[in-house]
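**Q** turn this into a model:
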Amino acid sequence: MRTREYTILTIAISLLEGAAIAAIILWLLPRWGINIPVWGLILLLVAFGVYQVITYRIGRRALIRKPLVSPEAMVGCYGKTITPLVPDGYVKINGELWRASSVGPHAEKGDEVVVREVNGLTLLVAPRCSNSNNGK
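**A** Residues are numbered from 1 along each chain as shown. Sure, this is the predicted structure:
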């Protein structure tokens, strides 16, 4: 998702969430006998707005951050599985989390794997032990 699309979507969702909070405070809570003054509503919506700005900035920074290593350069690298690869899951290689697919036998969580190929942003991995067995 591009930064501009992310910004527009975030603003739209934030406005809808703010409207939902205001509706709950002004309509639903008084039905239960809970009355919040207008200044309390304003304070709550300002706090919600600050929260939205902070989370937007964090999300935007993560969205525009480039990977530390290109996927193509990862062929031959070793890593560990974060989830079981049956046949799809996630691996951690060079400190980054990647989607992976097992090209050999299924790998359990914590197994060491080696990257064989790259298909888009999915790494095709095989258990590391199969690499050492081929050399014997």
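**Q** please report how far L121 lies from A100.
**A** Separation of L121 from A100 (CB to CB, to the nearest Å): 10 Å. Heads up, the C-betas are built off the backbone N, CA and C, glycines and all.
**Q** the two: which has the busier surroundings?
**A** A100 (25 against 9; other CB atoms under 10 Å).
**Q** next up, the contacts around that one.
**A** Contact analysis of A100 by CB atoms under 8 Å, 6 or more residues apart in numbering lists T81, L85, D88, G89, Y90, V91, V113, T122, L123, L124, V125.
**Q** so which of these wins on neighbours?
**A** V125 (30 neighbours).
**Q** what sits closest to it if chain neighbours are left out?
**A** Among residues not flanking V125 along the chain, V113 sits closest, at 4.1 Å (CB to CB, 6 or more residues apart in numbering).
**Q** is it true that that neighbour touches H106?
**A** No - if you go by CB atoms under 8 Å, V113 and H106 don't touch, sitting 11.1 Å apart.
**Q** who touches both of the two?
**A** By CB under 8 Å, 6+ apart, the residues touching both V113 and H106 are L85.
**Q** let me see the domain layout of the protein.
**A** With domains defined by automatic domain parsing, the chain comprises 3-64, 71-130.
**Q** any chance of these in a markdown table, plus mean pLDDT?
**A** Converted to a markdown table, these look like this (pLDDT from 0 to 100):
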| stretch | mean pLDDT |
| --- | --- |
| domain 3-64 | 87 |
| domain 71-130 | 87 |
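**Q** return the most buried member of the ones you listed.
**A** Highest mean neighbour count of the domains of the chain: domain 71-130, a mean of 16 (counted as mean count of other CB atoms under 10 Å).
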